[in-house]
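**Q** give me the fold of what follows.
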Amino acid sequence: MIVGLGNPGPEYARSRHNIGFQVVDLFAERHGLPFDKFQKRARLALGTVRLASGWSGRILLAKPMTYMNLSGEAVGALAAFYKIAPADILVAHDDLDLPAGKLRLRPGGGAGGQKGVKSTIQHLGTETFPRLRVGIGRPPGQMDPADYVLQAFSAAQEAEMVFVRATAADAIEVWLAQGIEATMNQFNGAAT
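**A** Model (predicted):
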């Protein structure tokens, strides 16, 4: 299962906080998987993916519709329903502590202040699930981080993020085919 974290609704669609949704949307588009199912408070795309590397398998893409801070409610319910082990769940999300455009994959760990990840840890009952962290950078000056993450990228940042989203979708493909260690080795620190 590949989970993108974000907030539902058109007003949040292009926000920094929704980079997880944006990445899984691009991955779904690449592989012709429509988000045409709603289950356990999440939009889902299910299907078989065949990668250029030769890997093939059934996957579940999920976008929790619970708002960011309650994302784990959907992730936990889906994991239980589909009997997916936490180690087989990749969660893509924004990260304020990474420079804008940088990627960092991890096999587990704490939430690092990301409330969607915190909720997911709580509902999966473990910190041991892979993460695809997409850097959005720190807010400028004294700006409130809560306001910053809900803003859309500037035009210049958006031009860069097109490539960042594509690289993140590439990382998902490597994770599926080769696992978290190989993906970390190839993509950690990657940017445009």
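
**Q** give the contact list for Ser119.
**A** With contacts defined as CB atoms under 8 Å, 6 or more residues apart in numbering, the neighbours of Ser119 are 69-73, 75. (Glycine included, C-beta is placed from N, CA and C.)

**Q** for Thr128, see how far away it is.
**A** 16 Å (CB to CB, to the nearest Å).

**Q** same question, Phe21
**A** 24 Å.

**Q** comparing those two, which residue is more hemmed in?
**A** Between Phe21 and Thr128, counted using other CB atoms under 10 Å, the more crowded position is Phe21 (26 against 13).

**Q** ok, for the more buried one, nearest residue in space, not its chain neighbours?
**A** Gly6 (3.4 Å; CB to CB, 6 or more residues apart in numbering).

**Q** number of nearby residues for the one you found?
**A** Neighbour count for Gly6, taken as other CB under 10 Å: 29.

**Q** who touches Val117 in this structure?
**A** For Val117, the contact set (CB under 8 Å, 6+ apart) comprises 5, 71, 91, 93, 111, 131.

**Q** so which of those sit within helices?
**A** Of those, the ones assigned to helices by DSSP state H are Ser71.

**Q** skipping adjacent residues, who's closest to Ala74 in space?
**A** Closest to Ala74 by CB to CB, 6+ apart is Pro64, at 3.6 Å.

**Q** phi, psi of that neighbour?
**A** Here is the backbone geometry of Pro64 (degrees, to the nearest 10): phi -60, psi 140.

**Q** show me what contacts it?
**A** 3, 5-6, 41-42, 70-71, 73-75, 116.

**Q** at 10 Å instead, please
**A** By CB atoms under 10 Å, 6 or more residues apart in numbering, Pro64 lies in contact with 3-8, 20-21, 40-43, 70-75, 77-78, 116, 119-120.

**Q** in helices only, show me those residues.
**A** Using DSSP H, 20-21, 71-75, 77-78, 116, 119-120 are the members of those that sit in helices.

**Q** can you say which of these are buried?
**A** Among the ones in helices among the contacts of Pro64, those buried by neighbour count (16 or more other CB atoms under 10 Å) are 20-21, 71-75, 77-78, 116, 119-120.

**Q** what is the nearest of these to Pro107?
**A** Distance to Pro107 across those (CB to CB) is lowest for Thr120, with 14.4 Å.

**Q** can you tell me the closest non-neighbouring residue to that closest one?
**A** Spatial nearest neighbour of Thr120, excluding adjacent residues (CB to CB, 6+ apart): Gly72 at 4.0 Å.

**Q** how close does that neighbour get to Gln22?
**A** According to CB to CB, Gly72 and Gln22 sit 20 Å apart.

**Q** all set now, cheers.
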